[in-house]
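> Structure for the following, please:
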Amino acid sequence: MENFINVFVFIARFIVIALSSKQIGQFFRRFKLPLITGFLFTGIVAGPFGLKLITHEAVENLRVIDEISLAFIAFAAGSELYVQELRGRLKSIAWITLGLVILTFSLSTAAIFFFLSRYIPFMQNMSPAASFAVALLIGAILVARSPSSAIAILNELRAKGPFTKTVLGVTVIMDVVVIFLFAFTTSMADVLIANLGFDLKFALLLLGEFALSLGVGYLLGKLLHFVLSWNLNRRWKVLTILAIGLGVFVFSEQLRHLTHEFLSFEIFLEPILLCMIASFVVTNTSRYRTEFSKIIHETGPLIYIIFFTLTGASLELDVLMQTWPIALALFFVRLAGIFAGSFAGGVLAREPMARNKMWWMGFVTQAGVAIGLSKEVAVEFPPWGSALATMIISLVVLNEIVGPIFFKYAINLIGEAHDRADPHEFRGTRNAVIFGLRPQAVSLARQLMAHDWQVKMVCREPSELEGVDKPELTIELMPEVTVACLNAIQMSEADAIVTMLSDEENYAICELVYETYGTDTIVTRLKDRANFDRFHELGVLVVEPRTAVVSLLDHFVRAPAGTSLLLGMQEEQDIVDIELRNSDLDGISLRDLRLPLDVLILSVQRNGERIISHGYTKLTVGDKVTMVGNVETLEEVMLHFDA
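Numbering: from 1, shown residues only. Got it, this is the predicted structure:
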């Protein structure tokens, strides 16, 4: 009973620590640091070298959580490798991957064995064979990359092009290759440390283990396919997949024990390799690829919080203080291997020299797989494995901080970034550009002009101008959707853009405006609902006529007064968004604003996010404040905010 209470208390304590870890990780992101840095920091603070909320014994007893997490990380690595997406640049991807693996692995192994081993505390008293075994393991782990970090950067910059496609392809394949390489070096390390000879029997055993791993991994993939086919709630599928991952570790350990007990040789199948192969099979041969990917994506954050928090708690800070200079040296050794390998691979693939000089910047990041493999070493080789894991994790954190900076710089330098441009400064008048000359567009232009907007209308065909007799409107002709044509109609001065053409024309205009001018307010009228996500990713405000009418009627029923006010049906009343540009009001609280009595603040939007505002909310230049009130009074407030 007492043991049960102790277990319950520890689980409750760890749940609180995990929740704290999530918040601390989000806090670290404010300083442009990776989430895992916050998770590791929380584990260190809560661990044996900190507040001792997680003891050494607890870390040892939670090996089952490590195994579930490692299996999940392997599933995630395999799910990233979808062969169909790599075919376009397979030649370049193959050569660069080969160059990176050979040179990063060989340079790292040689540097550790010949130069750095004498400075690493746990290697100083090792035999040459054991020292070479450790060098092999570290060299293999240094090959690992971070697909998740690369994908996050590509999404942030909306990067597109041959450089980014190749980098992503290589990064994904490398995480698969490194698991094979790690399985091989682990077997080699076992033999070297045990002082066993390399002969034909060992080579055949190694080949047999790999062949058996492929077979078992394939069967495991079919088991995952069967689980995904269940007509059950996704939560049950997630639990079953995690249980299968744990089962793989149990199976591997039992197979090793039984073969050691009853045979003259020992068979060890690397569980991470089995899980990765199974995930690859599901991703490339199963019709449940999308669902499997969604499960990985949705479950990942929770698994990573738990795993990296425990990893932080298991770090040996005394070893870290001794080995951080070694981690720094390994950082530069790895960087040299990455540059040499990617450059050589690019040359062999006959890539342009400009790209060959830049490839290395895309391959610096490391994350889950590298830490997972280092944790495996800690379990496989207890005497010195934990110290090695601590050293590797400190290196991974450094790579995860520096890597994204290098990658972003390379993408911008190579010209494949398509992120949002900086919007222009307010020039004193509100300008809108409307694409289209249909009656709705004309009506919109007149309404905006009635509210003191300067409106310019744009058409695509000269025939649209024939018979147009609207002298009060400014109409421009734009035959092509290019930056030059947009500059010709002075698009850089627009505060708002409305597109009312075909979906393809609308998207082309919105994308160019997003990348070239960064206009905050872009509105489009959508014709095909299937295109909604494309516009939404650009931050475009989408109006779909069919659903808009239904939504409008719904709001008239539930909030008739508010909807009438929104549509301007209340005489002398209006709702407007006003951007704060007056630096004299920067830092002032809402309660201290001297507003007319008939003006009410509804909300405040900052950096694209709506914040919960109250009397003590302090305004910042650039905030968009939504207000309701008398039309004339609102105009006075606008002048005050714009001054």
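> doesn't residue 272 make contact with residue 70?
Yes - judged on CB atoms under 8 Å, residue 70 makes contact with residue 272 at a distance of 5.9 Å. In this view, the C-beta of every residue, glycine as well, is placed from N, C-alpha and C.
> Give me the common contacts of the two.
When CB atoms under 8 Å, 6 or more residues apart in numbering defines a contact, the residues bordering residue 70 and residue 272 alike are 372, 376.
> Return, as residue ranges, the portions of the stretch 151-300 of the chain with sub-threshold pLDDT.
Applying pLDDT under 70 to the stretch 151-300 of the chain flags residues 152, 155-156, 196-200, 202.
> can we see that at 50?
Along the stretch 151-300 of the chain, no part satisfies pLDDT under 50.
> Could you do the chain as well?
Scanning the chain residue by residue, none of them satisfies pLDDT under 50.
> Please, where are all the helices along the stretch 351-500 of the chain?
Along the stretch 351-500 of the chain, the segments classed as helices by DSSP state H, counting those that start in this stretch run 353-356, 368-380, 382-414, 439-450, 483-488.
> which one of those lies closest to residue 341?
Of all the helices of the stretch 351-500 of the chain, helix 353-356 sits nearest to residue 341, with 11.3 Å by CB to CB.
> Which other helices and strands does that closest one contact?
Helices and strands touching helix 353-356, as assessed by 3 or more CB pairs under 8 Å, 6 or more residues apart in numbering; DSSP states H and E, comprise helix 162-193, helix 317-348.
> Would you map out the domains in the protein?
1-414, 431-548, 567-642 (the TED database).
> Comparing the ones you listed, which stretch has the densest surroundings?
Sort the domains of the chain by mean neighbour count, taking mean count of other CB atoms under 10 Å, and domain 1-414 sits at the top with a mean of 19.
> Verify the stated contact: residue 216 with residue 274.
Yes - contact criterion CB under 8 Å: residue 216 and residue 274 qualify, at 5.6 Å.
> tell me the angle whichever helix or strand residue 553 is part of makes with helix 439-450.
Per DSSP states H and E: residue 553 is located in helix 545-558. With axes from the mean of the first three to the mean of the last three CA atoms, to 10 degrees applied, the angle from helix 545-558 to helix 439-450 works out at 50 degrees.
> Please name every helix or strand in contact with helix 545-558.
Contacts defined by 3+ CB pairs under 8 Å, 6+ apart place helix 545-558 against helix 560-566.
> Give the next helix or strand downstream of the helix it packs on.
strand 573-579.
> Within its sheet, name the partner strands of that following strand and how each one runs.
strand 624-630 (antiparallel) (DSSP bridges).
> got the contact list for the residue lying closest to residue 575 once chain neighbours are set aside?
Counting by CB to CB, 6 or more residues apart in numbering, residue 628 is the residue found nearest to residue 575 once chain neighbours are left out, at 4.8 Å. Shown in contact with residue 628 (CB under 8 Å, 6+ apart): 565, 573, 574, 575, 599, 600, 602.
> out of these, which one sits closest to residue 581?
Distances from residue 581 to the contacts of residue 628, taken by CB to CB, are shortest for residue 599, at 17.7 Å.
> pretty sure that closest one contacts residue 637?
Yes - between residue 599 and residue 637 there is a contact at 5.9 Å, judged by CB under 8 Å.
> Which neighbours do the two have in common?
627, 629.
> What helices and strands are in contact with the helix or strand residue 641 falls within?
Element membership for residue 641, per DSSP H and E: helix 631-642. In terms of contacts (3+ CB pairs under 8 Å, 6+ apart), helix 631-642 is packed against strand 573-579, strand 599-606, strand 624-630.
> So residue 269: helix, strand or coil?
Per DSSP: H, G, I helix; E, B strand; the rest coil, the secondary structure class of residue 269 is coil.
> that older thread, pick the one among the contacts of residue 628 closest to residue 361.
residue 602 (45.5 Å).
> ok, that closest one - contacts?
Counting by CB under 8 Å, 6+ apart, residue 602 makes contact with 575, 626, 627, 628.
> Swap in 6 Å and give it another go.
Residue 602 sits next to 626, 628 when contact means CB atoms under 6 Å, 6 or more residues apart in numbering.
> Please tell me how far it sits from residue 596.
15 Å (CB to CB, to the nearest Å).
> next one: residue 80
57 Å.
> And residue 142, by the same measure?
Counting by CB to CB, the separation of residue 142 from residue 596 is 65 Å.
> what's the answer for residue 53, then?
On the measure of CB to CB, residue 53 and residue 596 end up 55 Å apart.
> returning to that earlier point: let's have the domains of the chain in a markdown table, adding distance to residue 558.
A markdown table is the format used below for the domains of the chain (distance: least, CB to CB, whole Å):
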| stretch | distance to residue 558 |
| --- | --- |
| domain 1-414 | 32 |
| domain 431-548 | 16 |
| domain 567-642 | 15 |
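> Identify whichever of the ones you listed lies nearest to residue 555.
domain 567-642 (9.5 Å).
> out of everything not next to it in sequence, what's closest to residue 266?
Residue 266's closest residue in space is residue 260 (CB to CB, 6+ apart), at 4.5 Å.
> Would you agree that neighbour is in contact with residue 267?
No - counting by CB atoms under 6 Å, residue 260 does not reach residue 267; the two are 8.6 Å apart.
> follow-up on the earlier one: out of the helices of the stretch 351-500 of the chain, which gets nearest to residue 248?
helix 368-380 (12.9 Å).
> State the helix or strand in which residue 145 lies.
Short version: residue 145 belongs to no helix or strand, going by DSSP H and E.
> quick one on the thing from earlier: same list (the helices and strands packed on helix 631-642) but as a markdown table, adding distance to residue 48.
Shown next, in a markdown table, are the helices and strands packed on helix 631-642 (distance: least, CB to CB, whole Å):
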| stretch | distance to residue 48 |
| --- | --- |
| strand 573-579 | 52 |
| strand 599-606 | 41 |
| strand 624-630 | 49 |
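> so which of those strands gets nearest residue 485?
The nearest among the helices and strands packed on helix 631-642, by CB to CB, is strand 573-579 at 27.8 Å.
> in the stretch 151-300 of the chain, which spans are helices?
Going by DSSP H, counting those that start in this stretch, the stretch 151-300 of the chain shows helices at 162-193, 200-228, 234-262, 271-285, 289-314.
> will you turn the ones you listed into CSV that also has distance to residue 540?
Output for the helices of the stretch 151-300 of the chain, formatted as CSV (distance: least, CB to CB, whole Å):
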stretch, distance to residue 540
helix 162-193, 23
helix 200-228, 35
helix 234-262, 31
helix 271-285, 32
helix 289-314, 24
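> Figure out which of those helices is closest to residue 125.
Here helix 162-193 is closest among these (CB to CB), at 13.5 Å.
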